[in-house]
Each structure stands twice: as C-alpha cells, then as structure tokens.
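Q: next input, structure requested:
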Amino acid sequence: MKISARNVLKGRVKRIVHGSVNSEVVVELPCGMEITSIITKNSAENMDLKEGSGVYAVIKSTSVMLASD
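A: Numbering: from 1, shown residues only. Presented below is the predicted three-dimensional model:
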C-alpha cells in the first residue's frame, strides 16, 4: 500500500457501532490510546471490519486547531 498521508497509525479495531448510514469504529493503538473514525456502513462492511481486525488509521489534515479555557 502506498499513500501520500504522513500520519499512518497501526492498530486494532476495538469496537464498532453500526448506524443506519455510518459506522463508528474505535481503533486501539499499540500504546493503548484510542482513535475513533466515522466511516460509511457500506465501507465497514466492504472492508469486513470486525473487533480485533488489524487496521491503519490514516490522518490527512491541512490544519489542526487547539483551544484552551
């Protein structure tokens, strides 16, 4: 797999919550942190995602915003 995104995090699917259109996929990284992705239900089904599946979280963003109180 070749991809232009610089932030690629390897992990395992911890939990999937399917909605009528989208699926919320929680990915656990090797360090124990979690990252959540919202993808279409169709994509989750096409990828045959299940708890324990190995996946890559690919993050491509032109900006990261920070806020403080």
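Q: before we move on, could you check phi and psi at the spatially most central residue of the chain?
A: Centroid check for the chain by Cα atoms, centre = their mean gives S37 as the closest residue, at 3.9 Å. Dihedral pair for S37: phi -130, psi 140, per degrees, to the nearest 10.
Q: residues contacting it?
A: Going by Cβ atoms under 8 Å, 6 or more residues apart in numbering, S37 touches 24-25, 27, 57. Just so you know, the C-beta spots here come from the backbone N, C-alpha and C atoms, and that holds for glycine as well.
Q: with adjacent residues omitted, what lies nearest to V13?
A: Closest residue in space to V13, ignoring its immediate chain neighbours: S53 at 4.5 Å, by Cβ to Cβ, 6 or more residues apart in numbering.
Q: which ones are touching the one you found?
A: S53 touches 12-13, 47, counting by Cβ under 8 Å, 6+ apart.
Q: how close does it get to L66?
A: Per Cβ to Cβ, to the nearest Å, S53 is found 32 Å from L66.
Q: all set now, cheers.
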